[in-house]
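A.B. asks: Fold the following.
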Amino acid sequence: MLLQDWKSGADSGSLSEPEKFLKGQLLLDSGQLRGSFFQRTVVLICEHNAEGAFGLVLNRSSGSKIGEMVIADLPDPLKEYPLYVGGPVQTSALSFLHSDGFVPDANVIPNLALGHSLETLTEIAESFSSSRKVKMFAGYAGWGPGQLEGEMERKAWLTYPASLELVLDTDPTVLWQKVLKAMGPQYKLLAQMPEDLSQN
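C.D. replies: Below is the predicted model of the structure:
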């Protein structure tokens, strides 16, 4: 599914069973995704409906800053922001999450909005606010109709409610472990498991 499809169709249609959709949830590798792109990832589900799902991986740094990777006339402060790898789909597509004291167009969880437009990103960066937070991503995680539901049935993912603190304020290098520990003692062993099992 293309990014444009999500932008144009994200709000279309009524959901008869909204409780089965995972928008606003974090997906965590349950330990079954070893060896894949999604090993030890935490994915924020930004859209989920009968057409599929769109998410952003929160804890995969690209190792680069926005100014090094995006060819656009961006405000200087924005160029210093780290760029995250949102997923393996359309890796040249830019998405961003932003929060402030009050975000009227919040469309992921309260006070957290997803955007794709460089123009909007520039407007956000140029209007000063000491409470504003922005996180930027190249690429995204996408699932076709029924695909994510199938992965959930196979218990590939654990779920946990997203929060602004987890999405924007938590060190991405410890995010997976932190959420697992918050989920309860039964996940302590998984959180402590070394990434490379040969070290165990």
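
A.B. asks: which residues does the most centrally placed residue in the chain form a beta bridge with?
C.D. replies: For the chain, Leu56 is the residue whose C-alpha lies nearest the centre (Cα atoms, centre = their mean; 2.6 Å). Judged by DSSP bridges, the bridge partners of Leu56 are Leu44.

A.B. asks: Contacts only, for the nearest residue to Ala72 once chain neighbours are set aside.
C.D. replies: The shortest distance from Ala72 to any non-neighbouring residue, by Cβ to Cβ, 6 or more residues apart in numbering, is to Leu118 (5.3 Å). For every residue, glycine as well, the C-beta is placed using N, CA and C. Applying Cβ atoms under 8 Å, 6 or more residues apart in numbering to Leu118 gives the contacts 70, 72, 74, 94.

A.B. asks: Verify the stated contact: the residue nearest to the centre of the chain with Val89.
C.D. replies: No: between Leu56 and Val89 there is no contact, the gap being 10.7 Å when judged by Cβ atoms under 8 Å.

A.B. asks: between those two, what contacts are shared?
C.D. replies: 140-141.

A.B. asks: List the buried residues of the longest helix along the chain.
C.D. replies: Among all segments of the chain classified by DSSP state H, the helix with the greatest residue count is helix 172-183. When neighbours are counted by 16 or more other Cβ atoms under 10 Å, the buried residues of helix 172-183 are found to be 175-180, 183.

A.B. asks: Against which helices or strands is it packed?
C.D. replies: Of the remaining helices and strands, those touching helix 172-183 by 3 or more Cβ pairs under 8 Å, 6 or more residues apart in numbering; DSSP states H and E are strand 25-29, strand 42-49, strand 157-161, helix 188-192.

A.B. asks: Would you mind putting those into JSON lines with mean pLDDT and mean neighbour count alongside?
C.D. replies: JSON lines is the format used below for these (pLDDT from 0 to 100; neighbours: other Cβ atoms under 10 Å):
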{"stretch": "strand 25-29", "mean pLDDT": "97", "mean neighbour count": "23"}
{"stretch": "strand 42-49", "mean pLDDT": "96", "mean neighbour count": "24"}
{"stretch": "strand 157-161", "mean pLDDT": "96", "mean neighbour count": "16"}
{"stretch": "helix 188-192", "mean pLDDT": "88", "mean neighbour count": "14"}
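
A.B. asks: would you list those in a markdown table and tack on distance to Leu78?
C.D. replies: Listed next are the helices and strands packed on helix 172-183 as a markdown table, based on distance: least, Cβ to Cβ, whole Å:
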| stretch | distance to Leu78 |
| --- | --- |
| strand 25-29 | 26 |
| strand 42-49 | 21 |
| strand 157-161 | 29 |
| helix 188-192 | 34 |
